[in-house]
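Trainee: One predicted model, sequence on top.
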Amino acid sequence: MREYLENVRNTIPLVHNITNYVTVNDVANVLLACGGSPIMSDEAEDVEDITSVCGGLNINIGTLHKTSIEGMFRAGKKANELGHPVLLDPVGSGASALRTNTALGLMKELKLSVIRGNVSEIKTLAKGRGTTRGVDADVADAVTEKNLDEAVVFVKKFAEETGTIIAVTGAIDLVSDGNTCYVIYNGRPEMGKITGTGCQLSGMMTAYVTANPDHPLEAAAAAMCAMGLAGEIGWSRMQVGDGNATYRNRIIDAIYNMSGEELEKGAKYEIR
Amino acid sequence: MREYLENVRNTIPLVHNITNYVTVNDVANVLLACGGSPIMSDEAEDVEDITSVCGGLNINIGTLHKTSIEGMFRAGKKANELGHPVLLDPVGSGASALRTNTALGLMKELKLSVIRGNVSEIKTLAKGRGTTRGVDADVADAVTEKNLDEAVVFVKKFAEETGTIIAVTGAIDLVSDGNTCYVIYNGRPEMGKITGTGCQLSGMMTAYVTANPDHPLEAAAAAMCAMGLAGEIGWSRMQVGDGNATYRNRIIDAIYNMSGEELEKGAKYEIR
Amino acid sequence: MREYLENVRNTIPLVHNITNYVTVNDVANVLLACGGSPIMSDEAEDVEDITSVCGGLNINIGTLHKTSIEGMFRAGKKANELGHPVLLDPVGSGASALRTNTALGLMKELKLSVIRGNVSEIKTLAKGRGTTRGVDADVADAVTEKNLDEAVVFVKKFAEETGTIIAVTGAIDLVSDGNTCYVIYNGRPEMGKITGTGCQLSGMMTAYVTANPDHPLEAAAAAMCAMGLAGEIGWSRMQVGDGNATYRNRIIDAIYNMSGEELEKGAKYEIR
């Protein structure tokens, strides 16, 4: 895991983000914390120029607007032309037709490197329709020790069918390219009480994949481990009276301070 | 007050927020802190689906856009159809014609459960026009011990006329349904030095009203007490050198950790 | 420097911000921290009313939208009519045609009091075209002890030609009105690892210039010193394990607590 983190710090990948206005500030600070450099732009007329000066593109549909949808397609096509990795975070897919259809449309029109979402969002995309409860995963969908085998099969199959790395976050995280599946045990449940830890991870994962062009699967898995590990380190620094606002800061701080060695030691995963 | 807080934690109300991009992240984190679950969406084509999977709707006009105005009306009508509570936060009403007219239009077209604003904003809506200085209340409008009786009469009358719970924040807070008026003494003046404590309260109040459908007045008052109490607890944890950025985090942390018992003990109010 | 800070605290200038959605919350909190009062509005129909109740206007092109561009021109013209100071923060000029052209258009159509950017952005505007790498300054452009003389000449000349105060941030900061150039040594390199310290400075600088109408150059320089000094004070409070998220809060806290005397003592500059 060590080298994937260090490659981010050494190459400072510039990541173009078309993301929601809820968590955008945290996404920018996480990208800076991990060693990347963020730029945000969603206006259709602006995105092609911006994506051209960047190394990777992070598309997050958390607060869709008509104009930003056009920006997503235009930026994505330009990034594809330039051979830049493109990550899709299908926030709230299944909760509205606009979100589901936009995510499915992006999957169809673009060559995506990674799709990162919670299990309900990913299932929605796999089925082509969905029943997500808002932006959080349904309890019924949760990946647990009990249904892990089944979940690994599902993620591998969807990755294979789409030719895209699928990264599913939850109590147990899964990252697969169709052949191999990382099963990741880092993280804490309290991370779900902070808005946007998923969005932050998507931003950071784009930086990792951009900085490690020959190892996108490993890089995506390393970003997933780094986020979970930061959640563990951040939690260990919490004091009496601290809550989710302080925890948010502690997690970003942990990413800022994380070394390759720390990630190597702290990453908890198996490969299936 | 205890049960109103606990009902939020037990039922995890999903709140649809159409809110400004200035304070949206804090609104989301406060909703998570209090035990609710936030989702943000303002695109006209998206809002009906989103509000349908939620339990309540929070409309905040802090940064109006043409497209989000359409979203507010469409979401509000759908929420009315579904019997969901709808809260309006008329940020900056009186400071511009667009804001005043949008708030008045929403009052006319929608069945609102609660309007929550500062006294200048609420006076603007009561008069149908206004003279607000930006997004903060005019000093001349402040509710103090001196003009409290008069202010209670005003708020009760406006609540009665509109059939809406009116929640006015300031040095002294007032919450009335036309019959009863809660006069609330929680809070600290330094809360005014943080952007968006009002917006945060509106989000949390929507969660409280959603989780307590049979007691909207009491739930709105409980949310008001909880926010003020969090301001007091947060302030008590401030250290030398801390300022408004740290205070912002401390307040959200206090909401995250607040128990029903703590609210019961800490709420300072009288009923008129 | 003392009086310029104190004039902000004493007059509480209301600043209209048309700014990007990435860092808008921090801009609002910094404006409150320094003693000003923020209001955000970018909808073309809203901006003239809003700018009319304010004392100064801060235009930041960090996330341009078609509608907000129209809002920038309309607000700027109204502010010019009213004699309010207008500051332009040309974020990412040089990184896209839309950004460069919008900034150049605003320079042409409006009477700007201040342009504040990094050296790559300012060079782009001076040349009328550019090669910025994203939103951060190119290393090749950095103002250092070595090229300081040359940089001072460049900034003075551009200020003279445009009749605008030019404020360039970097390892060494420069602020000039064409005759005089403040060379400012406050700040820390780690400030670049937080998103939006430049945007925050632009908001605060607008407040300073608004509160000191007879000394815009000195006020702009004082704001620059205050931001850098806050970066130094904030850094001195960092503990083991803290990172850029905590640092962000510490800087805003330092602005909140800064007295005129502290600024007077801590400001490190020479006049050329």
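Mentor: Right, received. Where do you want to start?
Trainee: got the residues of the stretch 101-250 of chain A near chain C?
Mentor: Neighbours of chain C within the stretch 101-250 of chain A, by Cβ under 8 Å from any Cβ of the partner chain: A:I233, A:R237, A:R248, A:N249, A:R250. The C-beta positions use only the backbone N, C-alpha and C, and glycine is treated the same way.
Trainee: What helix or strand is the last one located in?
Mentor: In this assignment (DSSP states H and E), A:R250 forms part of helix A:244-257.
Trainee: hang on, the earlier thing: any chance of the residues of the stretch 101-250 of chain A next to chain C in a markdown table, plus pLDDT and distance to B:R9?
Mentor: Putting those into a markdown table (pLDDT from 0 to 100; distance: Cβ to Cβ, whole Å) gives the following:
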| residue | pLDDT | distance to B:R9 |
| --- | --- | --- |
| A:I233 | 98 | 27 |
| A:R237 | 98 | 25 |
| A:R248 | 98 | 20 |
| A:N249 | 98 | 24 |
| A:R250 | 98 | 23 |
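Trainee: Can you list the helices and strands that the following helix or strand past the helix holding A:R250 packs against?
Mentor: As assigned by DSSP H and E, the chain's next helix or strand after helix A:244-257 is helix A:260-266. Applying 3 or more Cβ pairs under 8 Å, 6 or more residues apart in numbering or on different chains; DSSP states H and E, one finds that helix A:260-266 contacts helix A:2-11, helix A:216-236.
Trainee: Could you give the secondary structure assignment for A:G178?
Mentor: coil (DSSP: H, G, I helix; E, B strand; the rest coil).
Trainee: now it, nearest residue through space, not along the chain?
Mentor: Sequence neighbours aside, A:E160 is the residue nearest to A:G178 in space, at 3.4 Å (criterion: Cβ to Cβ, 6 or more residues apart in numbering or on different chains).
Trainee: Isn't the one you found up against A:C181?
Mentor: No. Between A:E160 and A:C181 there is no contact under Cβ atoms under 8 Å: 10.8 Å.
Trainee: who has more neighbours, those two?
Mentor: Counting neighbours by other Cβ atoms under 10 Å in any protein chain shown for A:E160 and for A:C181 shows that A:C181 has the greater number, 23 against 14.
Trainee: What count of nearby residues applies to the closest residue to A:V53 other than its chain neighbours?
Mentor: Closest residue to A:V53 apart from its sequence neighbours, by Cβ to Cβ, 6+ apart: C:A95 at 5.5 Å. Number of residues near C:A95 (other Cβ under 10 Å) recorded here: 28.
Trainee: Please apply the same query to A:S236.
Mentor: By other Cβ under 10 Å, 11 other residues sit near A:S236.
Trainee: How much space separates it from chain B?
Mentor: From A:S236 across to chain B, the span is 17 Å (Cβ to the nearest Cβ, to the nearest Å).
Trainee: which stretches of the stretch 101-250 of chain A have low pLDDT?
Mentor: Flagging of the stretch 101-250 of chain A using pLDDT under 70 yields the residue ranges A:129-135, A:138-140.
Trainee: from it, which residue is nearest to chain B?
Mentor: With Cβ to the nearest Cβ, the shortest gap between the stretch 101-250 of chain A and chain B falls at A:G243, namely 2.8 Å.
Trainee: Touching, that residue and B:D253? I think so.
Mentor: Yes. Using Cβ under 8 Å, A:G243 is in contact with B:D253, at 3.4 Å.
Trainee: Please enumerate the shared neighbours of those two.
Mentor: The overlap between the contact sets of A:G243 and B:D253 (Cβ atoms under 8 Å, 6 or more residues apart in numbering or on different chains) consists of B:A33.
Trainee: neighbours around the one residue in the stretch 151-272 of chain A that gets nearest to chain C, how many?
Mentor: Distances between the stretch 151-272 of chain A and chain C by Cβ to the nearest Cβ are smallest at A:Y256, namely 2.8 Å. Using other Cβ under 10 Å, A:Y256 is surrounded by 24 other residues.
Trainee: Against B:T23, how distant is it?
Mentor: Taking Cβ to Cβ, to the nearest Å as the measure, A:Y256 falls 25 Å from B:T23.
Trainee: next one: A:G128
Mentor: According to Cβ to Cβ, A:G128 and B:T23 sit 36 Å apart.
Trainee: So if I had to pick from those two, which one is more boxed in?
Mentor: Neighbour count, other Cβ under 10 Å: between A:G128 and B:T23, B:T23 has more, with 29 against 10.
Trainee: close enough to count as contact, the more buried one and B:L201?
Mentor: No. Counting by Cβ under 8 Å, B:T23 stays clear of B:L201, with 10.7 Å between them.
Trainee: quick one: secondary structure of the residue sitting furthest away from the middle of chain A?
Mentor: Most distant residue from the mean C-alpha position of chain A: A:V240, 30.6 Å away (Cα atoms, centre = their mean). Under three-state DSSP, A:V240 falls in the coil class.
Trainee: how about the nearest residue to A:G243, chain neighbours excluded?
Mentor: B:Y256 (2.8 Å).
Trainee: oh, I was asking about A:V24
Mentor: Nearest non-adjacent residue to A:V24, counting by Cβ to Cβ, 6+ apart: C:V22, 5.2 Å away.
Trainee: what sits against the one you found?
Mentor: A:V24, A:N25, A:A28, A:M40, C:G62, C:T63, C:T195, C:G196, C:C199.
Trainee: Once you drop chain neighbours, what's closest to the most centrally placed residue in chain A?
Mentor: Geometric centre of chain A, nearest residue: A:S202, 2.3 Å, by Cα atoms, centre = their mean. With sequence-adjacent residues excluded and distances taken as Cβ to Cβ, 6+ apart, A:S202 is closest to A:D89, at 4.0 Å.
Trainee: what do you get for A:K193?
Mentor: Once flanking residues are discounted, A:K193 sits nearest to A:N244: 4.6 Å by Cβ to Cβ, 6+ apart.
Trainee: Just give me the neighbour total for the one you found.
Mentor: 22.
Trainee: Please name the residues that touch it.
Mentor: A:N244 sits next to A:E190, A:K193, A:I194, B:N29, B:L32, B:A33, B:I252, B:D253, B:Y256 when contact means Cβ under 8 Å, 6+ apart.
Trainee: pretty sure the third one contacts A:I251?
Mentor: Spelled out, that is A:I194. Yes. With contact defined as Cβ under 8 Å, A:I194 and A:I251 form a contacting pair (7.3 Å).
Trainee: Comparing these two, which shows the higher neighbour count?
Mentor: Legend: neighbour count by other Cβ under 10 Å for A:I194 and A:I251, higher for A:I251 (31 against 27).
Trainee: contacting residues around the nearest residue to that one once chain neighbours are set aside?
Mentor: Spatially, and ignoring its direct neighbours in sequence, A:I251 is nearest to A:G234 (4.0 Å; Cβ to Cβ, 6+ apart). Listed by Cβ under 8 Å, 6+ apart, the contact set of A:G234 reads A:Y247, A:R250, A:I251, A:D253, A:A254.
Trainee: and the angle from the helix or strand hosting A:L32 to helix B:24-34?
Mentor: Per DSSP H and E: A:L32 is located in helix A:24-34. For helix A:24-34 against helix B:24-34, the angle by axes from the mean of the first three to the mean of the last three Cα atoms, to 10 degrees is 90 degrees.
Trainee: Show me which residues of chain A sit near chain B.
Mentor: Within chain A, the residues that sit near chain B (Cβ under 8 Å from any Cβ) are A:20-23, A:25-26, A:62-66, A:92, A:95-99, A:132-136, A:193-196, A:241-246, A:248-249.
Trainee: In three-state terms, label A:V152 for me.
Mentor: helix.
Trainee: Tell me the bridge partners for the residue lying closest to it once chain neighbours are set aside.
Mentor: In space, and not counting its chain neighbours, A:V152 is closest to A:C181: 5.0 Å by Cβ to Cβ, 6+ apart. Counting by DSSP bridges, A:C181 forms beta bridges with A:S176.
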